[in-house]
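> sequence and predicted structure, then a few things I'm wondering about:
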Amino acid sequence: MEINKAHIDTLPLLYTLEQQIFDAESYPLSKRSLKTQIQKSNVYLATIDEKIAGYLLVFRYKYTMRIYSLGILSAYRKQRIGQSLITFIIHQAKKEGYRTLSLEVNTSNHPAIELYAKLAFQPIKTLKNYYPNGDGLKMVLPLK
């Protein structure tokens, strides 16, 4: 598996992947939004045998890097690709000098919460009605 920044030529594949992973209720990103984030170097792709298996999208703030979206195609789940992407971005955030890495996750997404906790993310706040189908949990990983 390789992890690299997405390039504009991967936009059509990334958009297709986004539509496959996230249904309409999960608010998949538009092609325009994905293009903007690729141009800002905020999208990282996990590839296996030159095929996109998943991606991670981050937003950069002054002191915090925020994991906005993590998506793995169903055929590649349970292969630790999500964990690899997060571990990669932890190192990237440290290298870039960020103080914290943050994310929000649906409180019903127990496998994701367990993964984030395993990687030392700490729950700091419940976000009432954050998602259409439930509450969110804000989690933070101190980097310094």
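Looks like it arrived, so ask away.

> ok, the residue positioned nearest the centre of the chain to Val43 distance?
Nearest residue to the geometric centre of the chain (C-alpha atoms, centre = their mean): Leu70, 2.8 Å. Distance of Leu70 to Val43, given as C-beta to C-beta, to the nearest Å: 11 Å. Quick note: C-beta positions are derived from backbone N, CA and C, even for glycine.

> quick check: neighbours shared by those two?
Overlap of the contact sets of Leu70 and Val43 (by C-beta atoms under 8 Å, 6 or more residues apart in numbering) consists of 55-57.

> got the residue ranges for the helices in the protein?
Remark: helices assigned in the chain by DSSP state H are 11-21, 31-39, 81-95, 110-118.

> got the angle for the helix or strand of the chain with the lowest mean pLDDT vs helix 31-39?
Ranked by mean pLDDT, DSSP states H and E, the weakest helix or strand in the chain is helix 11-21, scoring a mean of 90. With axes from the mean of the first three to the mean of the last three C-alpha atoms, to 10 degrees as the basis, helix 11-21 and helix 31-39 are set at 120 degrees to each other.

> which of the shared contacts of Leu70 and Val43 tops the neighbour count?
Tyr55 (27 neighbours; other C-beta atoms under 10 Å).

> so that one sits against Tyr44, correct?
Yes: taking contacts as C-beta atoms under 8 Å, Tyr55 lies within contact range of Tyr44: 6.5 Å.

> got any residues that touch both of those two?
By C-beta under 8 Å, 6+ apart, the residues touching both Tyr55 and Tyr44 are 6, 85.

> so who does the closest residue in space to Glu104 that isn't next to it in sequence touch?
Ranked by C-beta to C-beta, 6 or more residues apart in numbering and with sequence neighbours excluded, the top spatial neighbour of Glu104 is Gly136, at 4.6 Å. Listed by C-beta under 8 Å, 6+ apart, the contact set of Gly136 reads 104-107, 126-127, 130.

> can you tell me how far Gly136 is from Thr16?
Taken as C-beta to C-beta, the span from Gly136 to Thr16 is 27 Å.

> same question, Leu73
Counting by C-beta to C-beta, the gap from Leu73 to Thr16 is 10 Å.

> what's the answer for Val43, then?
Spatial separation of Val43 from Thr16 under the definition C-beta to C-beta is 14 Å.
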